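1. Model the structure of this input:
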Amino acid sequence: GVLVKILFEFMGNPSQGGQLLENLEEFAEESGVALGGLKGIVRDVLTIFKSAMKVNMSSAFIAEDLEKLGLDAERAKHVGGQWKSNYGQMTRSAVAQTLMVNQLVDMEWRFGVTAGSSDCRRVGATFLQLKLVLDKGNGTRDVYMEVTLPQFYDLLHELEKCKSTMAQLS
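-> Have a look, this model is predicted:
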């Protein structure tokens, strides 16, 4: 129960990595387990949990997967229950972390028309070349893409939906 609580506290607030290490050291000392081995297990479990978050896995599937991995049914159900009760906080934390790390800093664009191509159907096609500058948390990264005009309008529509959703949340 204590280790599960430590893991879910970290998943709900991953910026507290130092606190996780302190809690693991204390748990290892109290339980008489090797800290190195415990860190390896915790790293593996966190990897499983993060993958489960990405695919929006339910608590029942978490419990089932943990049983398949060798955890007894009672403990697997306990972890599944903790997953269910902490899921909202973990999701908010993951979204906040993603938005902070992949923040759009700048965008440049160029409009073009295909003047010549070996494919006759592409001549006269319009396109946009985009350069996105993203803040990755440890520096910026340029991302280049070329989209057709309909793809650009789809992207613009999705960005406007995101903007209105963000305005409603704040």
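2. Does anything pack onto the lowest-mean-pLDDT helix or strand in the chain? Which helices or strands?
-> Across the helices and strands of the chain, mean pLDDT, DSSP states H and E gives its lowest value to helix 73-101, namely a mean of 82. The contact analysis (3 or more C-beta pairs under 8 Å, 6 or more residues apart in numbering; DSSP states H and E) places helix 73-101 against helix 2-12, helix 35-54, helix 59-68. Quick note: C-beta positions are derived from backbone N, CA and C, even for glycine.
3. again, only this time at 10 Å
-> When contacts are defined as 3 or more C-beta pairs under 10 Å, 6 or more residues apart in numbering; DSSP states H and E, helix 73-101 sits against helix 2-12, helix 35-54, helix 59-68, strand 126-135.
4. Buried residues of the third one, list them for me.
-> For helix 59-68, the buried set under the neighbour-count rule, 16 or more other C-beta atoms under 10 Å, comprises 59, 62-67.
5. re earlier: distance between whichever helix or strand comes after the least confident helix or strand of the chain and the chain's centre?
-> As assigned by DSSP states H and E, the chain's next helix or strand after helix 73-101 is strand 103-113. How far strand 103-113 lies from its chain's middle: 25 Å, per C-alpha atoms, centre = their mean, to the nearest Å.
6. And the contacts of strand 103-113?
-> 123-137, 140-144, 146-147, 149, 152, 159 (C-beta atoms under 10 Å, 6 or more residues apart in numbering).
7. Return the list of strands paired to that strand, each annotated with direction.
-> Looking at strand 103-113 with DSSP bridges, its partner strands are strand 126-135 (antiparallel).
8. Would you mark the buried spots in the strand it pairs with?
-> Within strand 126-135, the residues that count as buried by 16+ other C-beta under 10 Å are 127-128, 132, 134.
9. Can you tell me how far K5 is from W83?
-> 12 Å (C-beta to C-beta, to the nearest Å).
10. Neighbour count for those two, which is higher?
-> It is W83, of K5 and W83, that has more neighbours when counted by other C-beta atoms under 10 Å, with 24 against 13.
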